[in-house]
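[1] My questions concern the predicted model and sequence given below.
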Amino acid sequence: MTFKPDVFGIPLKKASDVDILKPLKNLITSRYQSTEQESFISAINEFAKLRSNAVCRTLDYHENSLELLYRYYDQLVALEGKIPAAEIQIPFKWKDAFEKGSIFGSRTSKTVSSLGYEKACVMFNIAALQSQVAGVQSPDSDDSLKLSAKLLQQSSGILNGLKGWVLSAVGSEPTADMQPDTLVALSAFMVAQAQEVFVSKAIQDRMKPAVIAKLCAQCEELYSEASKQMGREMLKPLWDRDWVSRVAGKQLAFSALAQFYQSRVCNEQKAVGEEISRLRQAVELFKSAETRSGNAGQVAEQIARSQSLLETALKDNDFIYHERVPDVRTLPPIGKAAVAKSLPVPERFTTNFSDLFESLVPVQVQQALSQCDVRRQDIVNKEVSKLKEATQLLNSVLASLNLPAAVEETSSGEQLPPSLREKSAAVVEKGGLESLERIIKELPELLQRNMELLDECERQLKEEADSDLQLRQQFKEKWTRTPSASLTATFQANATKYRKVIETAVAADSTVKSKLDANREGMQMLSEGPEALANSIPSSSSAGASGDSPPVQKLRKLMEEVEAIKAEREVIESELKSATVDLREVFLTALAADGAINEPAVSTEKLGEIFKSLQKQVADSLTRQETLIVNIQEGHQELMAKSGSVGGERERLLKIVAASHDVFMELTDNLREGTKFYNDLTQLLVTFQGKISDYCFARRTEKEELLKDLTSGLAAANTGPAPQAPAHHATTQPTTKTAPPRPPPPSTTPSSASAPTPPPTAASNPYQGAPPYSQQGQLPYPVQPQGMPAPPGGYAYPQYPVYTPMPQGYNPYFAAPPQGYPQAPYPQQGGYAAPPYPQQPPTNWPPKP
C-alpha cells in the first residue's frame with residue numbers, strides 16, 4: 001500500500017514598504033563621527049535593499065526565497081543589539097497572515113515602531129515559508145522528503161519559540177495570527193505534518209509493519225493535539241474553511257493506518273482474531289476519515305486494501321483457525337515512536353553570515369564608551385579649569401602691581417613699556433573691542449535659533465501626546481496602542497536637559513557682557529593701537545627705578561619665570577585635550593566573557609593610567625605659582641621701598657590697560673567657545689528634531705491605521721434589529737372589505753358647480769428649512785491632523801548651515817506636501833445639500849383617484 005504525505009503550509013504575512021533609510025541615517029549620523037558615517041550609509045542602503053527583497057515582494061516557494069528571509073532576519077538580530085530600541089522610529093506595518101479580524105477583536109494589520117516587532121513578523125514568515133516549501137516537495141524523492149521533514153520541524157520550533165516573546169515585541173495586542181494561542185496551534189500542526197512525512201518515508205522504504213504502526217500511532221496523537229488546539233472556538237474563525245476538517249480527517253486516517261499495520265504484525269504472528277478485529281477497526285476509521293475530511297476518494301486505496309485483507313482473514317478464520325474475534329477496545333494499545341519534534345531556533349540561519357554593521361558595537365558597549373568619554377571629559381575640564389583659574393589669578397596679581405611694565409626698559413623718548421605695546425598689537429590683531437561687540441550682538445540670534453528649534457520639538461511632542469490622549473478618551477479601552485507618555489520619556493528628559501543647558505549659556509552670556517562693560521575703557525585704549533595708546537598714557541614724572549638695581553633685576557627674572565610657567569601650561573592644556581582612550585576592545589572582551597560590563601571600574605583604572613602624569617604636572621604648576629606670587633610681591637615691595645611711589649595717573653592707566661588685555665583675551669576665548677557651543681547645539685537640536693519627527697510620523701501612521709480599523713469595525717458591527725415602526729405608520733389591510741353605505745347625492749348650486757376644484761396640497765415637511773446634513777466635520781477625529789510632521793520624504797533635510805541664522809518662526813525641517821498631492825482626503829462637495837432626513841411620504845400620498 002502506498003502513502004503520500006498531504007502537507008499544506010501557513011500563509012505569509014504581508015509587509016508594507018516603509019522608508020528605513022532616513023531614520024537609520026539620522027540615527028547613525030547623530031552617534032558617529034563623519035569619518036565613519038560613509039561606511040554606515042552604504043550598509044544602510046544594502047540593508048534597505050535586503051528588506052525590500054525579503055518582505056516587500058511575493059516570494060516563490062523555494063529554498064532561495066528562504067535564504068533571503070534568513071539573511072534579512074540575521075541582519076535584524078545583529079542590528080537590534082547595536083541600536084537603542086527607544087531611538088528607532090520606523091513604522092513597520094504588517095498585515096494578518098489569515099486576513100481575518102474578528103477573532104480576539106483584533107485588526108487585520110498592525111503598525112509598530114520597533115525592530116523587535118519587525119523581527120517577530122519576519123520570524124513568522126520564515127516559519128510560514130518553510131511550511132510552504134515543505135508542501136511543494138516531491139513525495140517520490142528521498143531528499144525531498146528529508147528536506148520537507150526538516151523544514152516542518154524547524155517551522156514548529158520557530159512558532160513555538162515565537163509565542164514566548166511576541167507580546168513583548170509587539171508591546172500591545174497583536175494581530176490574530178501572532179496571538180500565542182494561534183502560534184501554539186500552528187506549531188502543533190507543523191510537527192504533526194513532519195511526523196506524517198516520516199510515516200510516508202517509512203512506508204516507501206518498506207520498513208517493518210511494527211515500526212510503521214508505532215510511527216502512525218504517534219502521528220495520530222500529534223494530529224489529535226493539533227485538532228484540539230485548532231478546534232478551539234476562539235481559533236476556528238481564523239483558519240481556512242477546510243483546515244479543521246482536514247486535520248480531524250488526518251487524525252482518523254493515521255489511527256486507521258496504525259490499526260492496519262498492527263494487523264500485519266498480527267498476521268505474521270498468526271493472531272488471526274486480533275488481525276480481524278484491527279482490520280475491521282481500520283476500515284471503519286478510514287471511512288470516517290473520508291467522511292470527516294470531506295474528500296471522497298482520498299483514502300479509497302487504503303479502504304480497498306483493508307477490505308480485501310479483512311475478507312481474506314475472515315475466510316481463513318472460518319475455514320482454518322476458528323479463533324474468537326476480540327473487541328477492539330480490549331486489545332493492547334499500539335506503541336508510539338516519536339521521531340518528529342520541534343527544532344530549536346538557530347542563533348544564525350545563514351551559514352556564512354556577514355554583518356553589514358560590523359563596525360557598530362553593541363548597545364552595552366556604546367553606553368560604556370559614552371560613560372567613559374564623559375569621565376574623560378570631566379577630568380580634562382577639571383584640570384584645564386585649574387590651570388586657567390591659576391593663570392587668571394597670576395595675571396590679576398601682576399596687573400595690580402603694574403608688572404611687568406614697571407620694570408621694563410624703554411628706549412629714549414618711549415613712554416609706553418614694550419609689554420603693553422605688544423599687548424595693544426595683539427588686541428588690534430584680534431579685531432579689538434569692535435570684534436567682541438560684534439560677536440556679542442550675534443549671540444541673541446544664535447540663541448533664538450536654538451530656542452525655536454527646541455520649542456518646535458516640544459510642540460510636536462505635546463501635539464502628538466494631546467492627540468493620543470483625546471482619542472484614548474474617545475475610544476476608551478478600544479484604543480489599544482501604547483500611551484505617548486511611556487514612549488516619550490527619553491525625549492522629554494533630553495528636552496529638559498537642552499533647556500537647562502540653554503539657560504546656563506544665557507547666564508554665561510550675561511557674565512561676558514558684564515566683564516566687557518567693566519573693562520571697556522582699557523579695551524578701547526588697546527584697540528586704538530600702540531601709538532595711540534602711547535599718546536594717551538601720561539609721561540613719567542620721574543626716572544623711576546634704575547634698571548640695574550637689585551629689586552628690578554629680581555623682578556625681571558621673576559617675570560621670565562611667569563612667561564615660562566604660562567608656556568608650560570599651554571603645553572599641558574594641549575596634552576590634556578588631545579589625550580584619548582579607546583576601551584572598545586576592553587569592553588567587548590568583558591561583555592563576551594561576563595555578559596556585562598563594569599564600566600566605572602574599568603574606566604577609572606584606564607583613565608587614571610593615562611592622566612596620572614598630566615595631573616601631577618598641573619599640581620606642580622599650581623604649587624610653583626604660589627611660591628612665585630610670594631616672591632613677586634616681596635620683590636615689588638623692595639622696589640617701592642627703594643624707588644618710592646611713582647606713577648599716579650600713569651600707573652593707574654597702565655594697570656587698567658594691562659588688566660583689560662587679560663580680560664580681552666579671556667572674553668575672546670569665551671565668545672569663541674560660546675559661538676561654537678551654540679552652533680554645536682544647533683546640530684544636536686537638528687538631530688533631536690529629526691528623531692522626534694520620525695517618532696511623530698511613526699505614531700501618526702499607527703494612529704491612522706488604528707482609526708481606520710476602529711471606524712471600519714464600527715461600520716461593520718451588528719447594530720441590532722431595526723426599530724419597529726410607530727403604530728400610526730402601520731399599513732395593515734383587513735382580510736375582508738365591506739363597502740360603506742352609499743351617501744345621498746349632494747345638492748349642487750350653479751356657483752359651486754362652476755368653481756374649479758383646487759389640486760390636493762402636499763403635507764408640509766417638518767424638516768423643511770433645516771440645514772443640509774453633511775458628513776464633513778462630523779467624524780469624531782480629524783481626517784488629516786494639522787501640524788503633524790510630513791512623511792519621511794518630506795522632512796529629509798540637508799546638513800544644516802552652521803553660521804546661517806534662521807528667520808524668526810522659520811522651520812526648515814517641515815516640508816509642504818509634494819506638488820499635486822491633494823490636501824484633503826476626499827473632494828469637498830459644496831452646494832449639494834443632502835435630502836432632508838428622515839424622509840417620510842406626505843400624508844396625502846398616494847393621491848386618491
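    Arrived safely.
[2] C-alpha from now on. contacts and neighbour counts both.
    Noted.
[3] And the residue nearest the centre of the chain, what's its pLDDT?
    Centroid-nearest residue in the chain: residue 88, 2.7 Å away (criterion: CA atoms, centre = their mean). Listed pLDDT for residue 88 reads 79.
[4] now residue 124
    Note on residue 124: pLDDT of 96.
[5] Same question for residue 538.
    pLDDT recorded at residue 538 is 73.
[6] Residue 94 is in what secondary structure piece?
    Using DSSP states H and E, the element containing residue 94 is strand 92-95.
[7] Which elements pack onto whatever helix or strand comes next after that strand?
    As assigned by DSSP H and E, the chain's next helix or strand after strand 92-95 is strand 109-112. For strand 109-112, the elements it packs on are strand 92-95, helix 649-716, judged by 3 or more CA pairs under 8 Å, 6 or more residues apart in numbering; DSSP states H and E.
[8] repeat that for 6 Å
    strand 92-95 (3 or more CA pairs under 6 Å, 6 or more residues apart in numbering; DSSP states H and E).
[9] Please tell me how far the closest residue to residue 307 other than its chain neighbours sits from residue 260.
    Spatially, and ignoring its direct neighbours in sequence, residue 307 is nearest to residue 283 (6.6 Å; CA to CA, 6 or more residues apart in numbering). Note on residue 283: its distance to residue 260, by CA to CA, to the nearest Å, is 8 Å.
[10] go on, residue 382?
    Noted for residue 382: a distance of 87 Å to residue 260, by CA to CA.
[11] Same drill for those two, tell me which one is more crowded.
    residue 260 (29 against 12; other CA atoms under 10 Å).
[12] what comes up buried for the strand or helix carrying that one?
    Applying DSSP H and E as the criterion places residue 260 in helix 243-268. The neighbour-count check on helix 243-268 (16 or more other CA atoms under 10 Å) flags 243-267 as buried.
[13] what's downstream of that helix, the next helix or strand?
    Following helix 243-268 in sequence order, the next helix or strand is helix 272-293 (DSSP H and E).
[14] for the following helix or strand past that following helix, what is the average pLDDT?
    With elements assigned by DSSP H and E, the helix or strand that comes after helix 272-293 is helix 300-316. For helix 300-316, the mean per-residue pLDDT is 92.
[15] and the angle for helix 300-316 with helix 272-293?
    On the basis of axes from the mean of the first three to the mean of the last three CA atoms, to 10 degrees, helix 300-316 is oriented at 160 degrees to helix 272-293.
[16] Which neighbouring elements make contact with the helix or strand that helix 300-316 is followed by?
    Per DSSP H and E, the first helix or strand lying C-terminal to helix 300-316 is helix 363-400. Counting contacts by 3+ CA pairs under 6 Å, 6+ apart, helix 363-400 packs against helix 649-716.
[17] Can you check what angle separates the helix it packs on from helix 363-400?
    Interaxial angle of helix 649-716 relative to helix 363-400 (the same axes, to 10 degrees): 160 degrees.
[18] The helix or strand encompassing residue 428 vs helix 649-716, what angle?
    Using DSSP H and E, residue 428 sits in helix 418-429. Put simply, helix 418-429 runs at 30 degrees to helix 649-716, going by the same axes, to 10 degrees.
[19] outside of helix 418-429, which residues touch it?
    526, 527, 529, 530 (CA atoms under 6 Å, 6 or more residues apart in numbering).
[20] ok, now how distant is the second one from residue 509?
    Taken as CA to CA, the spacing of residue 527 relative to residue 509 amounts to 22 Å.
[21] What of the third one?
    If you measure residue 529 against residue 509 using CA to CA, the figure is 27 Å.
[22] So these two - more neighbours on which side?
    Higher neighbour count among residue 529 and residue 509: residue 529, with 20 against 17, using other CA under 10 Å.
[23] Without its sequence neighbours, what residue ends up closest to the more buried one?
    Closest to residue 529 by CA to CA, 6+ apart is residue 424, at 5.7 Å.
[24] any idea how far the one you found lies from residue 227?
    Distance, residue 424 to residue 227, by CA to CA: 95 Å.
[25] Which one of those two is surrounded by more residues?
    Ranked by neighbour count (other CA under 10 Å), residue 424 and residue 227 place residue 424 first, with 27 against 23.
[26] what about residue 453, how many neighbours?
    Residue 453 is flanked by 22 other residues according to other CA under 10 Å.
[27] now it, what's its secondary structure?
    On the three-state scheme (DSSP: H, G, I helix; E, B strand; the rest coil), residue 453 is labelled helix.
[28] any idea how far it lies from residue 584?
    Taken as CA to CA, the span from residue 453 to residue 584 is 34 Å.
[29] cool, residue 133 as well?
    In this view, residue 133 and residue 584 are 43 Å apart by CA to CA.
[30] what about residue 561, helix or strand, and which?
    Secondary structure from DSSP H and E places residue 561 in helix 550-578.
[31] ok now stretch 342-360, how far from the chain's centre?
    Stretch 342-360 sits 21 Å away from the centroid of its parent chain (CA atoms, centre = their mean, to the nearest Å).
[32] Can you list the buried residues in that stretch?
    Buried positions in stretch 342-360, judged by neighbour count with 16+ other CA under 10 Å: 342, 343, 345, 349, 350, 355, 356, 357, 360.
[33] OK, contacts around the fifth one?
    For residue 350, the residues meeting the contact criterion (CA under 6 Å, 6+ apart) are residue 70.
[34] Then the second one?
    For residue 343, the contact set (CA under 6 Å, 6+ apart) comprises 153, 154, 157.
[35] try residue 527
    427, 428, 432.
[36] how near is the closest residue to it other than its chain neighbours to residue 526?
    Spatial nearest neighbour of residue 527, chain neighbours left out: residue 432 (4.6 Å); criterion: CA to CA, 6+ apart. Going from residue 432 to residue 526 by CA to CA gives 7 Å.
[37] Quick check on the two: which one has the bigger neighbour count.
    Just comparing residue 432 and residue 526: by other CA under 10 Å the higher neighbour count belongs to residue 526, 30 against 22.
[38] give me the element that one is part of.
    Assigned by DSSP H and E, residue 526 belongs to helix 520-527.
[39] How about residue 470?
    Taking DSSP H and E as the criterion, residue 470 maps to helix 432-475.
[40] average pLDDT for that helix?
    For helix 432-475, the mean confidence score works out to 91.
[41] Same check on stretch 656-670?
    Stretch 656-670 shows a mean pLDDT of 88.
[42] Sweet, I'm off.
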